[in-house]
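Visitor: Structure of the sequence below:
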Amino acid sequence: MNRYLIPLSAFVLLGVSARAPAQTYYEQTFAPEQPVHWHLQIGYSPTVGSTSEYFDGGFTLGGGLTWRPRPGGPFGLRADLEYSRFDATRNLIAINEQVNQIEIDNGYGEVVGANLDGEYKVHFTPTVSGFGVAGIGVDHLYVALTQTVAFGSYFCDPWFGYCSYGLVPGDVVVASGSTTRFSWNAGVGLDFLLRNGQTFFVEARYQRIETTQPTVFVPLTVGLRF
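Guide: Below you'll find the predicted structure:
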């Protein structure tokens with residue numbers, strides 16, 4: 001009987017030791033001890049619908065944090081602070097030239113927003129997980145239209161080591177406006193495990209600001225959670 005118990009015991013111990021690293025890896029991957037993870041992200045934001053008639057796609061950047069009541073659980077609460085900038089289209093410039101009876105050369109729109117979202121995460125593999133987010137926020141939209149003019153200024157040539165006075169081009173804001181409105185957003189993304197609980201992620205989000213004519217854009221971003 002003993003000759004069977006000894007190999008059987010060795011087999012059980014071997015199975016336990018083989019499972020231990022996998023279990024530890026799983027816990028490190030899916031159940032980090034930290035309930036809070038910070039993140040930074042950057043990307044491109046195409047404008048959508050009627051918004052694209054007035055603004056071209058632009059860049060976006062931001063950061064925030066995600067808090068999970070149960071570390072490693074699927075549910076989280078996410079807060080973001082984001083900045084986006086878009087160039088004005090020729091259509092918007094032409095409309096304002098006609099309305100204001102002034103020459104306009106360029107323009108831009110800026111959005112600074114704060115969002116509070118719910119997040120739900122699903123694990124696909126030990127190193128890849130997907131997530132969905134949705135929530136509300138407050139966004140401040142600022143629009144400025146500019147005219148290029150010549151300014152008198154001193155400028156220096158670093159190669160020849162001299163300075164002189166002359167005319168240089170610059171932009172002057174000739175029309176502007178701003179508003180602060182509620183917004184809502186929804187999106188999906190993928191998380192890729194790096195190390196020590198850090199992840200690289202990609203995300204696509206639909207963002208809608210409830211201006212008189214809704215301002216809509218779709219941030220496509222990459223980022224790092226840590």
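Visitor: From residue 72, how far out is residue 180?
Guide: 37 Å (C-beta to C-beta, to the nearest Å). Every C-beta, even on glycine, is put in place using the N, C-alpha and C of the backbone.
Visitor: Is the most centrally placed residue in the chain within a helix or a strand, and which one?
Guide: The centroid of the chain falls nearest to residue 41 when counting by C-alpha atoms, centre = their mean (4.5 Å). Here residue 41 sits within strand 36-45, counting by DSSP states H and E.
Visitor: neighbour count winner among residue 180 and residue 72?
Guide: Legend: neighbour count by other C-beta atoms under 10 Å for residue 180 and residue 72, higher for residue 72 (16 against 13).
Visitor: re the thing from before, look up the closest residue to the residue nearest to the centre of the chain, ignoring the ones flanking it.
Guide: With C-beta to C-beta, 6 or more residues apart in numbering as the criterion, residue 41 has its nearest non-adjacent residue at 3.0 Å, and that residue is residue 223.
Visitor: for residue 46, same thing?
Guide: In space, residue 46 is closest to residue 57, 4.0 Å off (C-beta to C-beta, 6+ apart).
Visitor: isn't residue 114 right up against residue 137?
Guide: Yes. In terms of C-beta atoms under 8 Å, residue 114 counts as a neighbour of residue 137; the distance is 5.5 Å.
Visitor: Now do the shared contacts for the two.
Guide: residue 80 (C-beta atoms under 8 Å, 6 or more residues apart in numbering).
Visitor: Look at those two and report which has more neighbours.
Guide: residue 137 (20 against 16).
Visitor: any idea how far residue 58 is from residue 147?
Guide: 21 Å.
Visitor: low pLDDT regions in this protein?
Guide: Of all residues in the chain, those with pLDDT under 70 make up the ranges 1-33, 150-155, 157, 160-162, 164-170.
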